[in-house]
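Asker: coords please:
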Amino acid sequence: MEKLENQDNIWRYFQGEGKGSFDGSCARHDFLVCQVGRWVRPPAAILNIGAGNGYLETALQRRGFDSHSLDPDDETVARLAAAGIHAQTGRIEAIPFESATFAAIVATEVFEHLNAEQWRAGLQEIWRVLQPGGVLLGTVPYCEPLTDSLVVCPGCGARFHRWGHQQTFSEANFHEGMRSTGRAWQRQHLEPHFFWAWGQQNWKGKIAALAKSATNLVGAHGKNENLVFVYQKP
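Answerer: Numbers count the residues shown, from 1 in each chain. The predicted structure follows:
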């Protein structure tokens, strides 16, 4: 698999013409909005890194939070700004906000798109713009076999992950990555979770989802799950 230096075209497509790909993410986003509400109260300032279709920012705003969005794609940012969201163009490695601005920062399905160096730089920036006592929360794919989603460009022959994923995470290597920043991150939650949208499943999908949920209850985890994390800045 080849290293993707720039994923801007991938995200411009999926957040624009292909934004229907986020329709199945509502359950995950709703879960995270509830998690934000467990840690901070409106009208606290919340930053979501990686806009997607803007669902999460809008849901936070409806709950009375001061909702902000950061994304490298200026077309996505313009669309969110037109919808009344405080959206700004930028990258996680150089977050364009003052230090200690946010009470909570959400990064859901973002870190797997970064290489190890970008991830460490992003975590340092998140630490900087997070208020003391604030939380970083979000998700990454859980133990994803990256080669299962390998595709080949018919034009140039480059082989890459179809979503641009560059890292795969377990509980152990995710926590080690947080520790490697040298910051005193306090782990509050780090467990795999299975998200599914009941209304978007046919009867076969609902049976499979129920079976998957049952295996989760007895502590068995595997493919098609997300690793949910909550880390607090002292």
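
Asker: all contacts plus neighbour counts: C-alpha atoms, from now on.
Answerer: Noted.

Asker: For the residue nearest the centre of the chain, give me the pLDDT.
Answerer: Taking Cα atoms, centre = their mean, the centroid of the chain lies closest to Thr108, which sits 1.3 Å from it. Looking at Thr108, its pLDDT stands at 97.

Asker: Check whether it really touches Leu136, as I assumed.
Answerer: No: Thr108 lies out of contact with Leu136 (Cα atoms under 8 Å); the separation is 10.3 Å.

Asker: Output the lowest mean pLDDT helix or strand found in the protein.
Answerer: helix 203-217 (a mean of 73; mean pLDDT, DSSP states H and E).

Asker: Contacts only, for Leu137.
Answerer: 32, 36, 104-108, 228-231 (Cα atoms under 8 Å, 6 or more residues apart in numbering).

Asker: Which secondary structure state is assigned to it?
Answerer: strand (DSSP: H, G, I helix; E, B strand; the rest coil).

Asker: ok, what's across the strand from it?
Answerer: Taking DSSP bridges as the rule, Leu137 bridges to Val106, Val230.

Asker: SS state for Glu112?
Answerer: Relying on three-state DSSP, one would call Glu112 helix.

Asker: Pull the contacting residues for it.
Answerer: Counting by Cα under 8 Å, 6+ apart, Glu112 has contacts 140-141, 165-169.

Asker: ok, it to Gln131 distance?
Answerer: 25 Å (Cα to Cα, to the nearest Å).

Asker: same question, Gly20
Answerer: 34 Å.

Asker: In terms of packing, which of those two has more residues around it?
Answerer: Comparing Gly20 with Gln131 by other Cα atoms under 10 Å, the one with more neighbours is Gln131, at 20 against 12.

Asker: For the residue nearest to that one when sequence neighbours are not counted, list the residues it contacts.
Answerer: Leaving aside its sequence neighbours, Gln131 sits nearest to Ala100 (Cα to Cα, 6 or more residues apart in numbering; 4.1 Å). Counting by Cα under 8 Å, 6+ apart, Ala100 touches 128-132.

Asker: Compare those residues and tell me which is most surrounded.
Answerer: With neighbours taken as other Cα under 10 Å, the top of the contacts of Ala100 is Leu130, carrying 24 neighbours.
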